[in-house]
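Participant: Turn this into a model:
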Amino acid sequence: MKTIGLIGGMSWESSLEYYRIINRTVKERLGGLHSAKSIMYSVDFAQIEPLQREGKWEEAATILTAAGKGLQRGGADFIILCTNTMHKVFERIQEKIEIPILHIADATAQQIKEQGLGRVGLLGTRFTMEEEFYRGRLNREYGLEVIIPDPTEREVVHRVIYDELCVGRIEQGSRARYLDIMKGMVQAGAEGIVLGCTEIGLLVGDQECGVPLFDTTRIHAVAAVDYALAS
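Facilitator: Now for the predicted structure:
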C-alpha cells in the first residue's frame with residue numbers, strides 16, 4: 001500500500017471527510033483491521049483565504065508547496081490537494097516536488113465520462129466557477145461542456161461556502177437555494193452536477209435533483225485509494 005499525502009485544512013470540515021472516506025474505502029477493499037497509510041499536512045485556512053480574496057495566488061502556492069515538500073520528506077508516495085479552488089496553483093506545486101499530485105478535476109471528469117455524459121453543471125467557489133483553471137481543464141482535456149449559474153446565483157453559492165460550510169454551519173435555507181440553482185442548471189441542459197467545492201457535499205450530497213451528482217470530495221478520496229492500492 002502506498003502512503004497517501006493529504007494537503008488539508010481548506011477547510012478542515014472537508015478534510016475530515018477525506019480522512020473518513022479514504023479509511024472506510026480501504027477497510028471495504030481489504031477488510032479486517034486495515035486502514036490507509038496516510039500523512040496529512042493541515043494548513044491554517046485563515047492564512048489562505050485572504051490570499052485567495054486578494055488574488056495573491058503565488059503566496060498561497062508557496063504555503064502549499066511547503067506543505068507538499070513536508071509530505072514528501074515525511075514519506076508520502078503521492079499527494080492529494082483536498083480543495084478544488086487551490087488547484088488553481090496545482091502546476092506551481094507539482095513542479096517543485098518530486099512525487100505526483102492527483103488532480104481532483106481529472107478524477108471527477110473520468111467518472112463523468114464513464115457515465116457517458118457530455119454537459120455538466122458546476123458549483124464551487126467563484127474562482128472555480130468563473131476561472132479557466134478548472135472549467136478549462138474539463139473542456140480541453142475531456143471535451144466536457146460546463147454550465148455555471150448566473151452571476152447572482154454564483155455569489156450565493158460562493159457566500160454559503162465561505163460563511164457557512166467552511167465554519168461548520170449547515171442551513172436548510174441554503175440547501176433549498178442550492179437545490180433551486182441546481183435545478184436551474186438541469187433545465188439549462190446539465191446532464192449531471194459537479195459539486196466542485198469539497199464542502200458542498202456536506203450540504204447537498206444526498207439530495208435528489210434528477211441528474212447524477214459528482215461529489216468531488218468522495219471521488220478524489222476514492223481515487224487516492226485506487227492509486228494507493230494499485231500494484
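Participant: Give me the pLDDT for the spatially most central residue of the chain.
Facilitator: The centroid of the chain falls nearest to Asn84 when counting by Cα atoms, centre = their mean (3.8 Å). Reading off the confidence values, Asn84 has pLDDT 98.
Participant: just the one 3 residues further on next, same as before
Facilitator: The predicted local confidence for His87 comes out at a pLDDT of 98.
Participant: count of neighbours near the residue lying closest to it once chain neighbours are set aside?
Facilitator: Spatial nearest neighbour of His87, excluding adjacent residues (Cβ to Cβ, 6 or more residues apart in numbering): Ile104 at 5.8 Å. Backbone N, C-alpha and C define where each C-beta goes, glycine included. Other residues within reach of Ile104, judged by other Cβ atoms under 10 Å, total 26.
Participant: ok, now Gly143?
Facilitator: The burial metric for Gly143, expressed as a neighbour count using other Cβ under 10 Å, is 10.
Participant: so what's the backbone phi/psi at it?
Facilitator: Summarising the backbone geometry of Gly143 under the convention degrees, to the nearest 10, its torsions are phi 70, psi 20.
Participant: related to what we said a few turns ago, isn't the residue nearest to the centre of the chain right up against Gly196?
Facilitator: Yes: with contact defined as Cβ atoms under 8 Å, Asn84 and Gly196 form a contacting pair (5.0 Å).
Participant: Find the residues that touch each one of the two.
Facilitator: 124, 128, 134, 216 (Cβ atoms under 8 Å, 6 or more residues apart in numbering).
Participant: mind checking the SS state of the second one?
Facilitator: Right, the one you point to is Thr128. The local conformation at Thr128, judged by DSSP: H, G, I helix; E, B strand; the rest coil, is helix.
Participant: Having no further points to raise, I will conclude here.
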